[in-house]
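Novice: Provided below for reference: sequence and predicted model.
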Amino acid sequence: MKFMRSFAQGAAVAACAALTAAPAAAESWRGWNIHPEGYPNTVAMDLFAKEVADKTGGRIKLTMYHSGVLGSQPDAIEQVRSGALAIGNFNLGPMGPIVPMANVVSLPFVFNDVPHMHRVMDGAVGDFFSAEMAKKGLVALAWYDSGARSLYNSKRPIKTPKDVVGMKIRVMNNDIFVKMIAALGGNATPMAFSEVYQSLSTGVIDGAENNYPSYESTGHFEVAGFYSITEHLIIPECVCIAKSVWDKLSDADKKIVREAARNSAKKQRELWAERSKKSFDLVVSKGAKVNTVTDKKPFQDAMKVVYDDFFKTMPEAKAVVEKIRAVK
């Protein structure tokens, strides 16, 4: 009996040791990205996938699907929330219906400039947004750049809010952006991005707002030759992982995945800055008239009504805005 007990104990110890030594099960993840091959986000997401695979010895294999082939952004957000997709690169603009607090970053002039946005999102405020998103099934691992949006039109340079008065300006379908243009005296026209070029060329609208790469790559500079640097919207993007996937990872793998995402964000920001400069140079060489709004205060002051309306529906957001503005 004593021999049998010793044998059983030895077998149990050996079994435990075998379990401890066994490698973690391999994971096959799918990731979503709306951008095409060669785009800064696409290059960065591929680097993220490679680093995760390399540093886990191939245990975690992330296959990225670019150009939105797995569905629209709202669909992909839901797929990541449910765990059907493991990873997504999302703009925070469409995140508002799911994570209401995310609407804060869609407020005009909430960030001073792009470097300020980086400092905010890389710090405690970014952690706060990630925690809010985690409540809805998404964990933000890192923050990407999507540039600063400025106004462009076919009529004249915009230097003060008075220059916007009466203009028909295309905006994304969001009440905040509609109110933003109205506060400047313009007429906001929500429409699909694919319709903007034709609408500009036929005079259905006078202008729109977007970043340099979008202004250039769509050819909008051909039919709206005045680009005025207002930088009124600076909306970050996230590299998000499904919370259900994240919660299953070991602490060691969480560290690998988060560091890989943050490394990819550094690369994405570098590539985005290069792409923006290239787009700027191209539109100027093609004859676009670019002016910098040196005094943004009149534009910012005009946004008071937008903020007041927003805080009426979400008073708790006021403290978050204050924290953003406190970051130097």
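Specialist: Nice, thanks for sending it over.
Novice: Please make it C-alpha for all contacts and neighbour counts, starting now.
Specialist: OK.
Novice: just the helices in the stretch 1-150 of the chain please.
Specialist: Counting by DSSP state H, counting those that start in this stretch, the segments of the stretch 1-150 of the chain that form helices are 2-21, 40-55, 73-82, 114-121, 124-134.
Novice: The residue positioned nearest the centre of the chain pairs with what?
Specialist: For the chain, the residue sitting closest to the mean C-alpha position, by Cα atoms, centre = their mean, is Glu237 at 1.3 Å. Assessed by DSSP bridges, Glu237 has beta-bridge partners Asn91, Tyr144.
Novice: what about it, distance to Gly147?
Specialist: Taking Cα to Cα, to the nearest Å as the measure, Glu237 falls 10 Å from Gly147.
Novice: Report the residue ranges of every domain in this structure.
Specialist: Domain ranges of the chain: 26-146+235-276, 149-234+289-313, per automatic domain parsing.
Novice: Please state the offset of the first one from the chain centre?
Specialist: Offset of domain 26-146+235-276 from its chain centre (Cα atoms, centre = their mean, to the nearest Å): 8 Å.
Novice: All the helices of the stretch 201-328 of the chain, in order from the start?
Specialist: Assigned by DSSP H, counting those that start in this stretch, the stretch 201-328 of the chain shows helices spanning 212-217, 220-223, 243-246, 251-285, 297-302, 304-313, 317-326.
Novice: Can you say which of those is packed in most?
Specialist: For these, the largest average neighbour count (mean count of other Cα atoms under 10 Å) is found in helix 220-223, namely a mean of 22.
Novice: Dump that one to PDB, restricted to CA.
Specialist: Output of helix 220-223 as PDB, limited to C-alpha atoms (Å, rounded to 0.1, in the frame of the first residue of the first chain):
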ATOM      1  CA  HIS A 220     -11.200  67.000 -54.200                       C
ATOM      2  CA  PHE A 221      -8.500  69.700 -54.600                       C
ATOM      3  CA  GLU A 222      -9.400  69.700 -58.300                       C
ATOM      4  CA  VAL A 223     -12.900  71.000 -57.600                       C
END
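Novice: That one packs against which elements?
Specialist: Packing contacts for helix 220-223, counted by 3 or more Cα pairs under 8 Å, 6 or more residues apart in numbering; DSSP states H and E, involve helix 196-202.
Novice: Which elements pack onto the helix it packs on?
Specialist: helix 220-223.
Novice: Show residues contacting the helix it packs on.
Specialist: Helix 220-223 has contacts (Cα atoms under 8 Å, 6 or more residues apart in numbering) with 154, 196-197, 200-201, 215, 283, 288.
Novice: Quick one: buried ones out of these?
Specialist: Neighbour counting by 16 or more other Cα atoms under 10 Å classes 154, 196-197, 200-201, 215, 283, 288 among the contacts of helix 220-223 as buried.
Novice: which regions of this structure lie under the pLDDT threshold?
Specialist: Where the chain drops to pLDDT under 70, the residues are 1-25.
Novice: same thing but 50
Specialist: Applying pLDDT under 50 to the chain flags the ranges 1-8, 10-22.
Novice: Compare the helices of the stretch 201-328 of the chain and report which one is nearest to Ala44.
Specialist: Each of those has some distance to Ala44 by Cα to Cα; the shortest is helix 251-285, at 5.0 Å.
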